[in-house]
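Enquirer: this is a predicted model, with the sequence first.
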Amino acid sequence: MAVINETQVNRPVKKRTATQRKRGETLAFYAFISPWLIGFIFLTAGPMVATLGFSFTYYDLASPPRWAGLDNYTHAFTDPDFWQSLKVTGLFVLFYLPLSIILGLLIAIMMNQNIKGIAIFRTIYYMPVVVPAVASAVLWLWIFHPSRGLLNNALGLVGIPKSQWPYWFLDPNWALPAIIIMSLWGVGSGMIIYLAGLKAIPQNLYEAASIDGANPVQRFWNITIPQLSPIIFFQIIQGLIGAFQVFAPAKILSPSGLGGPNGSTLFYVLNLYNVGFGGSHQMGYASALSWILFIIIMACTLVVFRSSSVWVYYETERS
């Protein structure tokens, strides 16, 4: 039988200090995020740093990089394809982003009604989001077919003669609008986020406004919009970044896959792809284009962030 002496019984129990607990929590935090951190370092940050170095070189994948200084960047500003791609992408952002924000919000308001079977309609509006980009592009290629497409046949049903039907992706004047229309098919992703925001708005605000005599338009403008402004701000940032990086529709739907006809669908990322993975494999120039795009997106994002103090409302803020 073991003998326990008095010193063992009265031995004080060591307690972890606040510093030790904090160190343990920090180690646990880094252990949990280590898979993402490793992936980010090797698959995102590493390639970004590499492209920054390649942007100052002549590099075609077949021979070692040669120092070029700022030649790739200066060449971009004299390249007509660069300016055309910037113009096409800018027009797309200018029209698509506001339309996607407005349509997503309007659909969310309709889907917020308490009626029977509303969950089915929510599912229907969200389904295009999960359709692969290639399958979606092929579907819309059929819809926009000049002679057998559903859209042109619908125009014929309302009395528009066949001679005036748009050629859509074959017409420089209609190719970009067609891609904008096709892209708006995916507003269901924004609709879900807006719907969650609408569900979180306290109903007593609407009840108090109704008692004060506010009509539906006033309640929407003075309650719904301010309460949803953080979500709208988030959607603008996400939509802005995504709109500048459009690639798949232009690559699949343009007749040559190079941004035709007449460069009407030569988006910035498509031009970057053609430069880097085309016949000449100008990876140095493509890297420079990618960093120019990074700077453009960052500048636009910072402008939106700076403007948020004027129109974004947070409940924790005091006026």
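Expert: Yep, it's here.

Enquirer: chain neighbours aside, what residue packs nearest to Leu289?
Expert: Leaving aside its sequence neighbours, Leu289 sits nearest to Leu272 (C-beta to C-beta, 6 or more residues apart in numbering; 4.7 Å). Bear in mind the C-beta positions are built from the backbone N, C-alpha and C, glycine included.

Enquirer: now the helix or strand where that neighbour lies: average pLDDT?
Expert: Secondary-structure assignment from DSSP states H and E places Leu272 in helix 268-277. Per-region confidence: helix 268-277 scores 93 on mean pLDDT.

Enquirer: buried set for stretch 129-145?
Expert: Neighbour-count burial for stretch 129-145, counted by 16 or more other C-beta atoms under 10 Å, picks out 136-137, 140-141, 143-145.

Enquirer: try stretch 284-303
Expert: The neighbour-count check on stretch 284-303 (16+ other C-beta under 10 Å) flags 284-293, 300 as buried.

Enquirer: which of those residues fall in helices?
Expert: 284-293, 300 (DSSP state H).

Enquirer: could I get the buried residues of stretch 284-303 as CSV with distance to Pro80 and pLDDT?
Expert: Shown next, in CSV, are the buried residues of stretch 284-303 (distance: C-beta to C-beta, whole Å; pLDDT from 0 to 100):
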residue, distance to Pro80, pLDDT
Gly284, 19, 95
Tyr285, 14, 95
Ala286, 17, 95
Ser287, 20, 95
Ala288, 16, 96
Leu289, 14, 96
Ser290, 19, 96
Trp291, 20, 96
Ile292, 15, 97
Leu293, 17, 96
Cys300, 23, 96
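
Enquirer: any chance of these in a markdown table, with distance to Met48 too?
Expert: As requested, these are exported to a markdown table (distance: C-beta to C-beta, whole Å):
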| residue | distance to Met48 |
| --- | --- |
| Gly284 | 15 |
| Tyr285 | 17 |
| Ala286 | 14 |
| Ser287 | 10 |
| Ala288 | 13 |
| Leu289 | 14 |
| Ser290 | 9 |
| Trp291 | 9 |
| Ile292 | 14 |
| Leu293 | 12 |
| Cys300 | 19 |
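
Enquirer: could you identify the most distant pair in those residues?
Expert: Farthest-apart pair in the buried residues of stretch 284-303 is Gly284 and Cys300; separation 25.4 Å (C-beta to C-beta).

Enquirer: out of the buried residues of stretch 284-303, flag the one nearest to Phe82.
Expert: The shortest gap between Phe82 and any of the buried residues of stretch 284-303 belongs to Leu289, at 7.1 Å (C-beta to C-beta).

Enquirer: need the contact list for that closest one.
Expert: Contact partners of Leu289, counting by C-beta atoms under 8 Å, 6 or more residues apart in numbering, are 76, 82, 268, 271-272, 275.

Enquirer: what do you get for Arg306?
Expert: Taking C-beta under 8 Å, 6+ apart as the criterion, Arg306 is in contact with no other residue.

Enquirer: now do the helix or strand that it is a member of against helix 268-277, angle only.
Expert: Following DSSP H and E, one finds Arg306 within helix 283-311. What separates the directions of helix 283-311 and helix 268-277 is an angle of 160 degrees, with axes from the mean of the first three to the mean of the last three C-alpha atoms, to 10 degrees.

Enquirer: how far does helix 283-311 sit from the chain's center?
Expert: Chain-centre distance of helix 283-311: 13 Å, with C-alpha atoms, centre = their mean, to the nearest Å.

Enquirer: helices of the stretch 1-150 of the chain, start to end?
Expert: Listed in chain order, the helices found in the stretch 1-150 of the chain under DSSP state H, counting those that start in this stretch are 6-9, 18-40, 46-54, 71-76, 80-111, 118-130, 133-143, 150-157.

Enquirer: now do the third one, average pLDDT.
Expert: In this model, helix 46-54 has a mean pLDDT of 93.

Enquirer: check which helices and strands that helix is in contact with.
Expert: Counting by 3 or more C-beta pairs under 8 Å, 6 or more residues apart in numbering; DSSP states H and E, the packing neighbours recorded for helix 46-54 are helix 283-311.
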